[in-house]
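[1] Please work out how this folds:
(one chain, ligands or ions: 2)
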Amino acid sequence: MNILITGGAGFIGSAVVRHIIQNTQDSVLNVDKLTYAGNLESLESIHHHERYTFSQTDICDRSALDQLFANFQPDAVMHLAAESHVDRSISGPADFIETNIIGTYQLLEATRQYWNTLAEPRKQAFRFHHISTDEVYGDLEGTEDLFLETTPYAPSSPYSASKASSDHLVRAWHRTYGLPVVVTNCSNNYGPYHFPEKLIPLIIQNALAGKALPVYGNGHQIRDWLFVEDHARALYKVVTEAAVGETYNIGGHNEQKNIDVVKAICELLEELAPNKPAGIEHYQNLITYVTDRPGHDLRYAIDASKIKKDLGWIPQETFDTGLRKTVEWYLNNQEWVEHIQSGEYKNWIQQQYQTEQA
Ligand code: NAD
Ligand code: DAU
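    Ligands and ions are numbered 1, 2, ... in the order given. Below you'll find the predicted structure:
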């Protein structure tokens, strides 16, 4: 297959691209604007591969999208490009509306125009896979409930409202125009190449630097953590095997309180990085309770039984094994983080492509 992936330079997108190039015979066109969150260094292991191509393109740019579709002739689109950080959506929602809503609309229209040119059987086999989040379902606080595929939408933040909006657009394009879509809603991912603004990599990096470990509110909020490579395997299964119009929730059956996640990282670091910065006796002493996130959702939890039953997917990592792998990865890949902190990762594309053209 030819798979057009949007947002392939991001955290989950890069895991999907690496998974497909390393484990299948499919070709990938990675369409990514390279915002602050896009990092081609996360794709260094595969970027010279003959089945991989990159295009620095904004999904809001319709004519550029049309050109890419015409040249690449995809059999499937996996749409991951988004503004993804809840805190940024609170301080500045505009980019979230632009990319997550308008960008998804432009991508749907480009896909629809291209899909209408396809002849059978390619037209019927085509898939538009929209990658979304469990945050569209809102807050499960005070219940034992899990999110089902049928749970009503009740987003809380500008981020989750923009993702909910994009989910509605995708389903409308299926119902109205017959576009063959599938939608997945996943819980919190963690693992290698995670941008160090999100909880787990931020705590690892701050602890190693001897900085405060900021815990919002009382730290009793619950997230359902999934190792990113398990998510990548699930997404490939869905795009290749799911029936048109289906929705799948994806989750790790790993509900954890934030404060317990932070403490677990500290314990792993005590074992794996015992040489602490000067003056730090225990990493846990760095835990600092800070002002809560406005509108903070207290609990998310996914029922992932439908994808298990229909497609046979289950996660391979437990939270213990996945968190250990993650902490080890950050300890062994400090250069990747340092390039983000210094801004050098933004130069990588120029350096790389200048060398190739020379
Ligand atoms: P990320 O922020 O790490 O990466 C997003 C990527 O999209 C970046 O490479 C960025 O450059 C690109 N991008 C942003 N705006 C763009 C635009 N206008 N045009 C083209 N590219 C653009 O995000 P992530 O954590 O990898 O999340 C990927 C997707 O999965 C998102 O749609 C997100 O909503 C969803 N999701 C994330 C999680 C999670 O825990 N991270 C969980 C469930 C669902
Ligand atoms: O549930 C899926 C979602 O998970 C994805 O759709 C989002 O793209 C992704 O960013 C993530 O959203 P969260 O808001 O849950 O992730 P974050 O890592 O920002 O925060 C996780 C929890 O930790 C949340 O309850 C807020 C809290 N937190 C976060 C940070 C950055 C802290 O207590 N301190 C912090 O410094």
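
[2] For the stretch 1-150 of the chain, what lies in contact range of ligand 1?
    Residues of the stretch 1-150 of the chain lying close to ligand 1 by Cβ under 6 Å from any ligand atom are 6-7, 9-13, 32-35, 37-38, 58-60, 80-84, 99, 103, 131, 133. (C-beta placed from N, C-alpha, C; glycine too.)

[3] again, only this time at 5 Å
    Proximity of the stretch 1-150 of the chain to ligand 1, by Cβ under 5 Å from any ligand atom, involves residues 7, 9-12, 32-33, 35, 37-38, 58-59, 80-82, 84, 99, 103, 131, 133.

[4] can you pull the contacts of Ser27?
    By Cβ atoms under 8 Å, 6 or more residues apart in numbering, Ser27 lies in contact with 1-3, 51-53.

[5] Try it again at 10 Å.
    1-4, 20-21, 49-53, 72, 74-75 (Cβ atoms under 10 Å, 6 or more residues apart in numbering).

[6] Among these, which lie within helices?
    With DSSP state H as the criterion, helices contain 20-21, 72 from among those.

[7] need the residues you listed in TSV with neighbour count and pLDDT, can you?
    Listed next are the ones in helices among the contacts of Ser27 as TSV, based on neighbours: other Cβ atoms under 10 Å; pLDDT from 0 to 100:
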residue	neighbour count	pLDDT
Ile20	26	98
Ile21	21	98
Phe72	18	98
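
[8] wait, which of those is closest to ligand 2?
    Closest to ligand 2 out of these is Ile20 (21.1 Å), distances taken as Cβ to the nearest ligand atom.

[9] Hmm, Phe69 is touching Gln106, no?
    No - taking contacts as Cβ atoms under 10 Å, Phe69 lies outside contact range of Gln106: 11.7 Å.

[10] can you list residues touching both of the two?
    Counting by Cβ under 10 Å, 6+ apart, nothing touches both Phe69 and Gln106.

[11] Could you find the residue nearest the spatial middle of this structure?
    Ile12 (3.7 Å; Cα atoms, centre = their mean).

[12] Which ones, among the residues of the stretch 1-150 of the chain next to ligand 1, also lie beside ligand 2?
    Contacts with ligand 2 within these, as defined by Cβ under 5 Å from any ligand atom: 84, 133.

[13] Give me the buried subset of the residues of the stretch 1-150 of the chain next to ligand 1.
    Among these, those buried by neighbour count (16 or more other Cβ atoms under 10 Å) are 7, 9-12, 32-33, 35, 37-38, 58-59, 80-82, 84, 99, 103, 131, 133.

[14] Can you confirm whether stretch 173-191 lies near ligand 1?
    Yes - using Cβ under 5 Å from any ligand atom, stretch 173-191 comes into contact with ligand 1 via 186, 188-189.

[15] Can you redo the residues you listed as CSV, where the extra columns are pLDDT?
    Output for the residues of stretch 173-191 next to ligand 1, formatted as CSV (pLDDT from 0 to 100):
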residue, pLDDT
Cys186, 98
Asn188, 98
Asn189, 98
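
[16] So which bits of stretch 314-334 are buried?
    Neighbour-count burial for stretch 314-334 flags 315, 317, 319, 322-324, 326-327, 329-330 (criterion: 16+ other Cβ under 10 Å).

[17] what residues are up against Thr326?
    By Cβ under 10 Å, 6+ apart, Thr326 lies in contact with 190-192, 194, 200-201, 204, 225, 227-228, 265, 268, 317.

[18] Ligand 2 contacts on the stretch 101-250 of the chain?
    So the stretch 101-250 of the chain meets ligand 2 at 133-135, 188, 198-199, 214-216, 221 (Cβ under 5 Å from any ligand atom).

[19] can you tell me which of the residues you listed are in helices?
    Under the assignment DSSP H, those contribute Leu199 to helices.

[20] Out of the residues of the stretch 101-250 of the chain next to ligand 2, list just those in strands.
    Using DSSP state E, the members of those that fall in strands are 133, 214-216.
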